[in-house]
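In: One predicted model, sequence on top.
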Amino acid sequence: MNQIEDIQKEFQIDKEKLDYADIKEKYLGKQGLLTIALQEIRNIPDEQRAEYGKKVNDLKNEILETQNVEQQKTYSNKERIDPTAPFDINTKGEKRNRISLISKGAVHPITKEVETLVEIFKGMGFDVLESRQIDDDYHMFESVNFPKGHPARDMYDTFLTEDGYVLPAHTSTMQNRALKLFGPPPIAVVLPGRCFRNEATDAGHEHTFHQIEGVYVDKDISLGNMLATIKTYLEAYLEKELEVKVQPAYFPFTEPDCEFVISCPFCDKAGCKTCGYSGWIEIMGCGMIHPNVLREGGIDPDIYTGFAWGFGVDRLTMIKKGIKDIRHLRDSNLNFLEQF
Ligand code: DAH
């Protein structure tokens, strides 16, 4: 009987200090103080057994009651619940570690990679301007040399609003703004942003993804400057020396138009799954900015030349981190996100 009273006293102290999960473990768990006390009942003399049983039960109810008290405190005090939260972050108990991780917040892997890349570009002297997530036909097409009815518009199938706005299919929408805003040359700017395409999604395609566009304009800029610049930042990002080459492509906004290809950073050209056993990976479109694009941006193409590129951050992240399905980067699965 004294033992129950001792447990009762200890509980009065603990309930001020511990939260419910710990209390439950200490008193009602497998080796809990009250659990053991209950097992003791068979050793209690007959005439005291009923009283003993009642005391144990009362204490048990009191302990269970602390859960309600704690919940009420949580809901009414500082820890407000967030009814819009997608996970059970408002509950307590076994998932506490994960909950505190979520409620503290964490940076999404793509945001982290954009930040890492932007830091590399800043170190190379580039300005930064974020792209728009809703834009217009002029910036999406006309300003980058796709006149109305141009067949290459079909390569950029995206979403339109009823009043004629466009969800940008690439960050090249920002080239004209960059030329006007940062001109006259020298201009060195990167334009990170979110892009959208009307895609049937699969492991390699998403309707929403991220690009970083680059624009560099000055006197006497050549394709050689472009190759060296792109090689330099890719080596900094992938932390690896790379062999690079370009192959022909087509974009209305560059002349010549190139596809930038790097030696596979995983197998050094020996051939592996990531590079499809070819030893090389096509990584982005790039080229010398078309004179029409420079002119439209208020820059005289007889005086200045420049280069531009646009690469997919999701794709680059997948290569760097060995992620096999691009859709993981959008589906908010904590088991996936917690790895980064
Ligand atoms: N906007 C192109 C795309 O998304 C990529 C690109 C190619 C951007 C060449 C450029 C460039 O700036 O010069 O397919």
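Out: Alright, I've got the coordinates. Just so we're clear, the structure is a prediction, and the values are computed from it rather than from any experiment. Residues are numbered from 1 along each chain as shown.
In: CA atoms for contacts and neighbours, from now on please.
Out: Noted.
In: ranges for the helices of this structure?
Out: In the chain, the helices defined using DSSP state H lie at 2-17, 20-23, 33-39, 46-76, 96-104, 109-123, 137-140, 175-182, 223-238, 291-296, 313-321, 334-337.
In: Would you mind naming what in this protein lies close to the ligand?
Out: Contact residues, the chain versus the ligand (C-alpha under 6 Å from any ligand atom): 170, 172, 213, 254, 285-287, 308-310.
In: before we move on, the earlier item: right, so of the helices of the chain, which gets closest to residue 166?
Out: Among the helices of the chain, helix 137-140 comes nearest to residue 166, with 6.4 Å by C-alpha to C-alpha.
In: how does the protein divide up, domain by domain?
Out: 2-78, 109-337 (automatic domain parsing).
In: How many residues are close by the residue nearest to residue 226 when sequence neighbours are not counted?
Out: Spatially, and ignoring its direct neighbours in sequence, residue 226 is nearest to residue 307 (6.2 Å; C-alpha to C-alpha, 6 or more residues apart in numbering). For residue 307, the neighbour count with other C-alpha atoms under 10 Å is 26.
In: do residue 56 as well
Out: 21.
In: Equivalent analysis for the one 3 residues further on, please.
Out: Using other C-alpha under 10 Å, residue 59 is surrounded by 18 other residues.
In: Surely it and residue 6 touch.
Out: No: Residue 59 is not in contact with residue 6 according to C-alpha atoms under 8 Å; the separation is 11.4 Å.
In: on that earlier part again, okay, the domains of the chain in CSV with mean pLDDT next?
Out: As requested, the domains of the chain are arranged in CSV below (pLDDT from 0 to 100):
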stretch, mean pLDDT
domain 2-78, 85
domain 109-337, 95
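In: Kindly compare burial across those and name the winner.
Out: Among those, domain 109-337 has the highest mean neighbour count (mean count of other C-alpha atoms under 10 Å), at a mean of 18.
In: Okay, now that domain: how far is its last residue from its first?
Out: 7 Å (C-alpha to C-alpha, to the nearest Å).
In: Please write out the alpha-carbon positions of stretch 295-308 in PDB.
Out: Taking Å, rounded to 0.1, in the frame of the first residue of the first chain, the C-alpha atoms of stretch 295-308 are listed here in PDB:
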ATOM      1  CA  ARG A 295      18.400  43.700 -81.200                       C
ATOM      2  CA  GLU A 296      15.000  43.100 -79.500                       C
ATOM      3  CA  GLY A 297      16.800  43.600 -76.100                       C
ATOM      4  CA  GLY A 298      18.200  46.900 -77.200                       C
ATOM      5  CA  ILE A 299      21.700  45.700 -77.900                       C
ATOM      6  CA  ASP A 300      23.500  46.400 -81.200                       C
ATOM      7  CA  PRO A 301      24.600  43.000 -82.700                       C
ATOM      8  CA  ASP A 302      27.200  44.700 -84.800                       C
ATOM      9  CA  ILE A 303      29.100  45.800 -81.700                       C
ATOM     10  CA  TYR A 304      28.300  43.000 -79.200                       C
ATOM     11  CA  THR A 305      28.100  39.300 -79.200                       C
ATOM     12  CA  GLY A 306      27.100  36.900 -76.500                       C
ATOM     13  CA  PHE A 307      26.200  33.300 -75.500                       C
ATOM     14  CA  ALA A 308      23.400  31.800 -73.600                       C
END
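In: How far off centre is that stretch?
Out: 35 Å (C-alpha atoms, centre = their mean, to the nearest Å).
In: The helices of the chain: which one's closest to residue 279?
Out: The nearest among the helices of the chain, by C-alpha to C-alpha, is helix 313-321 at 13.5 Å.
In: The closest one vs helix 109-123, what angle?
Out: 90 degrees (axes from the mean of the first three to the mean of the last three C-alpha atoms, to 10 degrees).
In: which residues are contacting helix 313-321?
Out: For helix 313-321, contacts defined as C-alpha atoms under 8 Å, 6 or more residues apart in numbering pick out 110, 113-114, 209-212, 238, 274, 283, 323-326, 329.
In: Give me the angle between it and helix 223-238.
Out: Counting by the same axes, to 10 degrees, helix 313-321 lies at 60 degrees to helix 223-238.
In: residues making contact with stretch 22-32?
Out: Contacting residues not belonging to stretch 22-32 are listed as 14-15, 33-35, 60, 63-64 [C-alpha under 8 Å, 6+ apart].
In: give the contact list for the residue lying closest to residue 132 once chain neighbours are set aside.
Out: Of all residues not flanking residue 132 in the chain, residue 193 sits nearest, at 7.0 Å (C-alpha to C-alpha, 6+ apart). Residue 193 makes contact with 130-133, 171, 210-212 under the criterion C-alpha under 8 Å, 6+ apart.
In: Among the residues you listed, which one lies nearest to residue 106?
Out: residue 210 (18.8 Å).
In: isn't residue 190 right next to residue 179, touching?
Out: No: between residue 190 and residue 179 there is no contact under C-alpha under 8 Å: 11.5 Å.
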